[in-house]
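1. When you get a sec, could you give me coordinates for this:
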Amino acid sequence: MDKEIKTKIISWVKDALKQEKLDKIDVKFPVTDATGGYSAEIVYVDVRAEKGLETKCYNLIVKKNKDNEVIMDTMNFREVYKKEVYLYSTYVPFLKKFAEKRGSAPFDNIPRCYGTVNETNHYVIVMENLKPKNFRCHPLGGDAMSLDHVKLVITAYAKWHALGLAVRDQDPDVLKGFGKPRHLLENEYLMKSICASIENEMDYVSEIYKKNNDLKPVEVLQKLKENYVQMFRDMLENKDEDVLIARHGDSWNNNFLFHFNEEQNIPDKVMIIDWQAGILGNPMADVNQFLFYCCTRKELEHLDEILKLYHDTLSKKLKELGSDPSKCFPWDVCKKSFERYAPLSIAGVPICSRMCFKGEVKKAFDFADSVESGNVDAMFGNELTDPKKYFERIDGVLKLVIDRKLV
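-> As a prediction, the model looks like this:
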């Protein structure tokens with residue numbers, strides 16, 4: 001790691017921990033001190049500090065913008081970074097006070113943030129590293145998330161969305177901090193590249209169905225392909241949409257960290273991470289994306305039960321917060337919203353399945369490279385680790401949504 005950036009990180013960490021009123025701080029960088037993400041850099045930091053006679057230890061993550069002009073400005077990630085910093089520095093603390101003032105528990109399914117930086121060319125979040133507390137992503141390449149995983153995520157989303165709906169009901173000006181509803185994929189380069197990859201994957205799966213002489217899924221996939229770009233743009237622009245709250249916007253496998261009950265080896269807590277794709281929009285767009293991206297037919301057979309759990313949890317939380325569920329988000333609106341946004345997420349099932357079964361990537365993907373190449377294929381790998389499971393997952397979901405007339 002560059003000495004200059006290391007010095008900056010130490011300074012950011014010390015500033016973030018000022019609220020802890022520590023007497024002495026020693027900052028260390030573990031051997032795996034830096035890892036690269038698609039759109040941000042993650043640096044792991046261990047802190048040993050003294051507070052009077054007490055020794056305190058902190059395992060932290062410093063999430064910072066990529067120092068790349070193409071990513072920052074050509075691809076407009078500067079606004080994306082600012083929005084995530086706003087969420088952690090302003091919106092989440094506001095939600096905590098909002099809930100506590102009404103005698104309701106704050107949202108606790110997001111990592112603790114110690115501090116943020118929002119200055120020219122530096123957009124930084126200093127947050128708790130949950131790995132030492134045995135939180136981990138659900139592994140890719142094997143079975144999909146179990147119903148226990150699904151219920152945890154759905155319950156967490158319901159509470160987050162309830163807070164957003166209550167704010168919209170009681171203090172709507174707060175949402176103006178998110179500005180115009182924008183998503184990181186609204187950028188012209190990313191929009192074109194991502195949509196092309198999604199459409200190509202639908203074609204790839206269609207060819208498998210054709211070889212199997214199974215033509216109904218081909219018809220459905222082609223219709224989704226024809227309408228995908230427009231559906232995507234309508235979602236980003238919230239066309240004909242009245243229910244706008246701050247939603248997560250990137251509900252796929254690696255953006256959830258689960259803690260497990262060691263005795264029974266079942267998940268008992270979830271943390272939602274990576275809010276860079278946050279957007280103002282309908283809450284059911286998150287729910288759709290999560291269910292179709294992270295589940296197989298086995299879990300989706302319980303769709304009615306899952307949606308009922310979501311709405312019951314959301315309604316209970318809204319009542320706690322002093323808002324009327326029948327006014328803010330009644331069951332019939334919830335169901336219609338789910339049906340409206342389902343096709344958009346279903347269209348993404350093939351490419352998300354490839355992400356789950358992608359082979360080893362020789363070169364780390366960098367969004368900046370996609371501007372020159374015109375595609376993001378490197379993000380999705382090449383060879384599939386298990387082509388059979390890849391297709392079975394897609395086939396199961398498609399057959400279920402066809403049976404339920406969701407497409």
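2. contacts, neighbours, all on C-alpha from now
-> OK.
3. Only the buried residues of the helix or strand harbouring Ser315, if you could.
-> Assessed by DSSP states H and E, Ser315 sits inside helix 303-320. Neighbour counts over helix 303-320 (16 or more other Cα atoms under 10 Å) mark 306-307, 309-318, 320 as buried.
4. And this protein, what are its domain boundaries?
-> When the chain is parsed with automatic domain parsing, its domains come out as 1-128, 138-403.
5. Mean neighbour count, these: which tops it?
-> Highest mean neighbour count among the domains of the chain (mean count of other Cα atoms under 10 Å): domain 138-403, with a mean of 18.
6. Quote the end-to-end distance of that domain.
-> Terminal residues of domain 138-403 are spaced 28 Å apart (Cα to Cα, to the nearest Å).
7. Just give me how far that domain sits from the chain centre.
-> 8 Å (Cα atoms, centre = their mean, to the nearest Å).
8. pLDDT of that domain, averaged?
-> Per-residue pLDDT over domain 138-403 has a mean of 90.
9. Confirm Pro111 sits in a strand?
-> No. Judged by DSSP: H, G, I helix; E, B strand; the rest coil, Pro111 forms no part of a strand; its state is coil.
10. My guess is it contacts Trp275. True?
-> No. Between Pro111 and Trp275 there is no contact under Cα atoms under 8 Å: 11.0 Å.
11. now for the helix or strand containing Glu219, which elements pack on it?
-> Taking DSSP H and E as the definition, Glu219 sits inside helix 215-236. Helix 215-236 is packed against helix 188-211, helix 331-347, with contacts defined by 3 or more Cα pairs under 8 Å, 6 or more residues apart in numbering; DSSP states H and E.
12. Can I get those helices in a markdown table including distance to Phe292?
-> Output for these, formatted as a markdown table (distance: least, Cα to Cα, whole Å):
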| stretch | distance to Phe292 |
| --- | --- |
| helix 188-211 | 14 |
| helix 331-347 | 6 |
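13. residue contacts, Asp274?
-> 250, 255 (Cα atoms under 8 Å, 6 or more residues apart in numbering).
14. Look up phi and psi at the closest residue in space to Ile42 that isn't next to it in sequence.
-> Distances taken as Cα to Cα, 6 or more residues apart in numbering place Lys63 nearest to Ile42, at 4.7 Å, with adjacent residues excluded. Here is the backbone geometry of Lys63 (degrees, to the nearest 10): phi -100, psi 120.
15. any idea how far Lys63 lies from Ser39?
-> Computed as Cα to Cα, the Lys63 to Ser39 distance reads 10 Å.
16. What of Arg247?
-> Distance of Arg247 to Ser39, given as Cα to Cα: 19 Å.
17. and what of Pro387?
-> For Pro387, the distance to Ser39 - Cα to Cα - is 28 Å.
18. the strands in this structure, which residues?
-> Here the chain has its strands, by DSSP state E, at 24-28, 34-36, 40-51, 54-65, 113-119, 122-128, 135-136, 245-247, 256-261, 266-272, 279-281.
19. mind checking how far whatever helix or strand comes next after the fourth one is from the chain centre?
-> Toward the C-terminal end, the helix or strand that comes next after strand 54-65 (DSSP H and E) is helix 69. Averaged C-alpha coordinates place helix 69 at 24 Å from its chain's average position (Cα atoms, centre = their mean).
20. for the record, mean pLDDT for helix 69?
-> 85.
21. The most centrally placed residue in the chain: what's it in contact with?
-> Nearest to the geometric centre of the chain sits Asp250, at 3.2 Å (Cα atoms, centre = their mean). Asp250 is in contact with 274-275, 277-278, 286, 289, counting by Cα under 8 Å, 6+ apart.
22. Mind doing that once more with 7 Å?
-> Shown in contact with Asp250 (Cα atoms under 7 Å, 6 or more residues apart in numbering): Ala277.
23. okay, stretch 256-271 in PDB with CA atoms only?
-> Taking Å, rounded to 0.1, in the frame of the first residue of the first chain, the C-alpha atoms of stretch 256-271 are listed here in PDB:
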ATOM      1  CA  PHE A 256     -25.600 -10.000   2.900                       C
ATOM      2  CA  LEU A 257     -23.500 -11.200   5.900                       C
ATOM      3  CA  PHE A 258     -24.900 -14.000   8.100                       C
ATOM      4  CA  HIS A 259     -24.100 -14.900  11.600                       C
ATOM      5  CA  PHE A 260     -24.800 -18.500  12.600                       C
ATOM      6  CA  ASN A 261     -26.000 -20.300  15.700                       C
ATOM      7  CA  GLU A 262     -23.000 -22.600  16.200                       C
ATOM      8  CA  GLU A 263     -24.900 -25.400  17.900                       C
ATOM      9  CA  GLN A 264     -27.600 -25.700  15.200                       C
ATOM     10  CA  ASN A 265     -25.600 -24.200  12.400                       C
ATOM     11  CA  ILE A 266     -28.500 -22.100  11.200                       C
ATOM     12  CA  PRO A 267     -28.300 -18.300  10.400                       C
ATOM     13  CA  ASP A 268     -29.600 -16.200  13.300                       C
ATOM     14  CA  LYS A 269     -28.600 -12.600  12.200                       C
ATOM     15  CA  VAL A 270     -28.100 -10.800   8.900                       C
ATOM     16  CA  MET A 271     -26.300  -7.600   8.000                       C
END
